[in-house]
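> Got a predicted structure here, sequence first:
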Amino acid sequence: MFKIKQRPRGGLRTWDPETAYLTRCDFNNNSRPFCDWTQPCNVNQGVWIRTKHDTPTDGTGPDGDYPDGKGYFIYQEASNLIPFDTNRLESPDTVVSGKICIDFWYYMFGSEEMNELRVLVQDGTGESVVWHRKGNQSSLWKYGAITHTFPTQRKIKVIFEAVRGLTEYGDTALDNVRVRDGPCEAVPTPVPTIPTPTEPTPLPVTEAICSIQGDPHYNTFDKQRHDFMGTCTYTLSKLCESNSSLPYFNVEAANEHRGGNTRVSYVQYVDIDVYGYRINLGQKRAVKVNGDSQVVPVTLVPGVNISLSGQYVVVTTDFGLQVKFDGNHRAEITLPSTYMSKVCGICGNYNGQKADDFLNPDGEMEANSTSLGNSWQVYNDSRCSPDDGHTPVCTDDEKHMIQSNAYCGLITDPNGPFQNCHAVVDPLSYFEDCQYDLCELHLNDAALCESLQAYADVCQAAGVQLKPWRNATFCRCGGKHQSVPYRHSHSRFQMGEEPTRIRSLDLKTRTEAKTLACPANSHYEPCGAACPATCVDPMAPVTCSLPCVEGCVCDSGYLLYNDRCVPSQQCGCWHNGQHYPVGSEFWTDNTCSSKCTCPARGSKVQCFNASCPAGQYCGVQNGTPVCLEHSYGICHVHGDPHYQTFDKVTHNFMGNCTYTLAKVCSNTTSLPYFNMEAKNEHRGSSRVSYVREVVVEVYGQRIVILKQQKSHVLVNSLRQTLPVSAAGGAITVGKSGRYIVLETDFKLRVSYDADHSVEVKVPTTYFNLTCGIAVQKKRNLYRSDQFCGILTTTRPSSFERCHGVINPQDYFDTCLYDLCALKWWPGVSCVLPLEAYADACQAAVVTLLSLEECYLLPYYDPCMTGVLPPVLIDKRHRTAPSLVWRAVHEGESSVDENCTRRCRCEANGQMVCSALSCGEDEVCKIRGCQRGCYPASTAICHIYGDPHYSTFDGKLHHFQGSCNYTVVNGVEEILPCSPSSGVQVLSSGFYTMVMTDFGLRVKFDGKHRVEVTLPSTFGQQKVCGMCGNYNGDSSR
């Protein structure tokens, strides 16, 4: 057996003499880059870009041209466009007759599924599509060829049209386009090299499926069948390999009782955690993402898609995970072989050995399915019930009937409707599931139909063509299941008769069967398209390559939208990658400053300036901007001083430094930034303090309200007499009773009586977006058992046995006060109260357990404005640097801020540190709250508004400097242009863009928005400026 080696970018095909072609272009001539082919300005939303390098979006375009990677090619850059924008490349007018050949090389690779490449022919009668491809095709250059016949001589144009998909992860590239007389030849084949002998190897397992159906039955990845009837939430499968480079996922299912029968349970919903999203698949195919309802189909991020297929909602990912749920009783998880031996859960470890599929979370074998399922319960919820190990009991007569071809025997009947599937999918486990359900549910017809459907679904998914198994009287669509004859003891009975020899059976009537009722404007098809025609993609069935599925299909003239079949003319409009029905209205941003409507199908949305009515503000509900009634969060500061936070928590704090009351801490909001500080002072006693001045920073202005100054404030360090107006009237400061009051146009209000009392009112639009003393975060952290709470916690700890002898509350209060007041050094501020309590306990002859945890304590300077890197303090007060704010328990480790050292907490409570370095293609950054070495990527710095800066590391700051900055050398150029080798300047939509061959990309809309993109090769503090140092740490 020999293995043929293939070129990395496809097979080699010679470039024929120019005289053989009517027109052609390989894009390699620098004096005529596009030869005689043109890009129509009145049609294109973007431009074809000519390059000899890889494209800027990772995981999309080719590394070089075809065939040798040394020349040029052209491509559509998806990140410069919006969904369904098109780029056209047109040939010159060409006179043809008879057969012609259009051939070319194309490259379509990425996670996007909606991008498309079309070839059209234009003549005097119009345009027609003669070839097209959609979505990911290959990571190699592919050959395309079309033979087209013209019965008479005519003038034509050949057009290549690229259509942008929903995301930027789907560039389309072209090379070597040609048109010639005569039919096309066969598709070129790869050029072989010297054969390399290899040993025959079996085909690898590419994927495995775990299924859950009925009440419910589990069939693991390794084909281990078992039954489990608990009604809690359970882990079906998740990535369990530590330090794995594979994408993390977690799939859980919640079960429930139905119909008053507490002996069995069914799948209620399925949750999928992937790429930071929690996707909930509920009953009747309802879908939620992070708690917000979704209109399906939807693409969350490149590589995560949710769609409908037959009776199922299907979640697919770019790494091979697929989860299906029919919204009733059946779920299915598909995993690629890359996850073999790296997963765990009720679905097993996927190692090819079903004998060890009963492993619990601790890696120990459970004796049976009941204990296995209960071990994978997600939370301890008293409202649910674990499985008690019940097994249904049937008489011999009942078993005989259930196994007959009128019931479950239909699955294994060698002459039945599923006979063609037996050699492809083993029917035995499905037959056993069916027996279990019908025995427990007393021959319930709905359970029978669901069991048959489960086997039918997996057969069709395997590409098996089934004979019809539903009919007008059996599991029929949209009606009741009629009587079905069956045989028993060589006698034939009709449903409703009671054989004298089967007195134990209750056969007076058969229950209503599970019907497949289709919604309005649809009909049932036993073998319909797996990719239904939707408003999002009306042509999906034409290009679908998946096996057919059973389900409901929209009638002619209707398309699927949000699980309903609607008239195609109501499908509506597209805007920024989102679909909106005809007649709908929506806000375009989270400020409710622009509203759009969809007037008709396929039209552009009509947008106009708008705002919320008086007394309302713009908020977000279920991920959608809406106008809401105004409400506020209020923080009070008074006395010596006492604080009541926005969330109504009261605490006392006597520091005499400057403290942040509240400020915007989110770098994702478009709401105006503000920062409020209070400077405290001692008055006659160092034990208490009072507010001396209040500072408000907003709209680029710094306003200071001073103690005992009732008529003046400082505005940007200048003394001004009240009332004061600043920022073009957006800020006003005046007197109201005994208070000086600052208000902004977005309803922020700060009141100070110039003595000791402060009130801060923040509109609820800022909910969960602020931080500071008024938000009560650090104090809650200090109360936890990672800090002072270790003294009072009731969980097992070093101090628990002393609680009954000495009350720890005073020591706890001292610890809390010290940390909050920032009065002592790190370690001392928390460790001294711990030691004091330990000494008191030991003096009372209480033997304490040794501390087995290394506590992470913040390192403070009494009047600093921020927090220095925390330090790990072991029980001997030795320290090791770290940036992870949490208790580090025995066996755990932490990495320092530069990923140069890792420290581990050993069993004796000591820290042991060792050197660490990142690999060549890795960078030091935080992912999933854990600092470490991770694969390199790109980073983007955004500058927008008045202006706001979001750095490469995600830090938001605001700077209103008005100086000039040199951006271009001062020479005007006509775009597109290439001022030097490796640099391109071009227009793209509203932006002017500069692209370089080393990965730098700069975009400017000519008004207020700038975007700078850098590859990770510039990470680790190789750059500087207002966009930050790109080191993965937004705090530095």
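In hand now; what should we look at?
> Next, count neighbours for Val287.
Per other CB atoms under 10 Å, the neighbour tally for Val287 reads 23. From N, CA and C alone the C-beta is placed, and that goes for glycine too.
> Show me the beta-bridge partners of it.
Listed by DSSP bridges, the beta-bridge partners for Val287 are Leu281.
> Give me the local confidence score for it.
Per-residue pLDDT puts Val287 at 92.
> what's the domain layout of the protein?
Per automatic domain parsing, the domain ranges recorded for the chain read 2-181, 207-375, 396-493, 522-571, 578-629, 632-767, 779-934, 937-1018.
> Start and end of the fifth one, how far apart?
Read that as domain 578-629. Looking at domain 578-629, the gap from its leading to its trailing residue is 27 Å under the measure CA to CA, to the nearest Å.
> go on, the fourth one?
Distance between the boundary residues of domain 522-571 (CA to CA) amounts to 16 Å.
> Quick check: Thr86 vs Ile634, distance?
When distances are taken as CB to CB, to the nearest Å, Thr86 and Ile634 turn out to be 53 Å apart.
> I should have written Phe358 there, sorry.
Summarising the geometry, the distance separating Phe358 from Ile634, computed by CB to CB, is 56 Å.
> Ok, Ser91 next?
Separation of Ser91 from Ile634 (CB to CB) stands at 69 Å.
> if you count what's nearby, which of the two comes out ahead?
Comparing Ser91 with Ile634 by neighbour count (other CB under 10 Å), the higher total belongs to Ser91, at 24 against 14.
> residues touching the more buried one, list them.
The contact partners of Ser91, by CB atoms under 8 Å, 6 or more residues apart in numbering, come to 23, 36-37, 157-159, 177, 179.
> one more time with 10 Å
Listed by CB atoms under 10 Å, 6 or more residues apart in numbering, the contact set of Ser91 reads 22-25, 35-38, 102, 121-122, 156-160, 177-179.
> Any quick ChimeraX command for the buried ones out of those?
Buried members of the contacts of Ser91, defined by 16 or more other CB atoms under 10 Å, are picked up in ChimeraX with:
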select :22,23,24,25,35,37,102,121,122,156,157,158,159,160,177,178,179
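> Among the contacts of Ser91, which ones are in strands?
23-25, 102, 121-122, 156-160, 177-179 (DSSP state E).
> Which one of those residues is nearest to Phe646?
Distance from Phe646 was checked for each of the ones in strands among the contacts of Ser91 by CB to CB. The minimum falls on Phe160, at 58.0 Å.
> Please list all residues in contact with the nearest residue to the closest one once chain neighbours are set aside.
Residue nearest to Phe160 in three dimensions, not counting chain neighbours: Leu89, with 4.5 Å by CB to CB, 6 or more residues apart in numbering. When the contact criterion is CB under 10 Å, 6+ apart, the partners of Leu89 are 25, 34, 37-40, 44, 47-48, 74, 76, 158-162, 174, 177.
> at 7 Å what do you get?
Contacts for Leu89 (CB atoms under 7 Å, 6 or more residues apart in numbering) come out as 37, 39, 48, 160.
> same thing with Ser670?
Listed by CB under 7 Å, 6+ apart, the contact partners of Ser670 are 589-591.
> and with 6 Å instead?
For Ser670, the residues meeting the contact criterion (CB atoms under 6 Å, 6 or more residues apart in numbering) are 590-591.
> Tell me how far it lies from Cys607.
When CB to CB is applied, the distance between Ser670 and Cys607 equals 17 Å.
> now swap in Pro547 and tell me
As it turns out, when the distance is counted by CB to CB, Pro547 lies 43 Å from Cys607.
> Next, Val801: secondary structure please.
Slight slip there: residue 801 is Arg, not Val. Following DSSP: H, G, I helix; E, B strand; the rest coil, we place Arg801 in the helix state.
> same deal with the one 3 residues further on?
Three states are possible here, and by three-state DSSP the one that applies to Gly804 is coil.
> how near is the nearest residue to Gly303 once chain neighbours are set aside to Glu112?
In space, and not counting its chain neighbours, Gly303 is closest to Asp318: 3.0 Å by CB to CB, 6+ apart. When CB to CB is applied, the distance between Asp318 and Glu112 equals 10 Å.
> what about these two, which has more around it?
Glu112 (30 against 18).
> For the more buried one, list the residues it contacts.
If a contact means CB under 6 Å, 6+ apart, then Glu112 has 165, 167, 169-170 as its contacts.
> Wait, a helix at it?
No. Assessed by three-state DSSP, Glu112 does not belong to a helix; its assignment is coil.
> Could you check how far it is from Leu166?
Following CB to CB, the distance that separates Glu112 from Leu166 is 7 Å.
> Likewise for Glu800?
Using CB to CB, one gets 56 Å for the distance from Glu800 to Leu166.
> okay, those two: which has more neighbours?
The residue with more neighbours, out of Glu800 and Leu166 and counting by other CB under 10 Å, is Leu166; that gives 24 against 17.
> any idea which element the more buried one lies in?
Using DSSP states H and E, Leu166 sits within no helix or strand.
> From what I see, it and Glu113 are in contact.
No. Leu166 is not in contact with Glu113 according to CB atoms under 6 Å; the separation is 8.0 Å.
> Which residues are in contact with each of these two?
Both Leu166 and Glu113 lack any common contact, where contact means CB under 6 Å, 6+ apart.
> Quickly run through the sheet partners of the helix or strand encompassing Arg118, with directions.
Assignment of secondary structure by DSSP H and E places Arg118 within strand 116-123. In the sheet containing strand 116-123, the strands it pairs with under DSSP bridges are strand 126-134 (antiparallel), strand 142-163 (antiparallel).
> Name the stretch among the ones you listed that sits most buried.
Most buried of those, by mean neighbour count (mean count of other CB atoms under 10 Å): strand 142-163, with a mean of 17.
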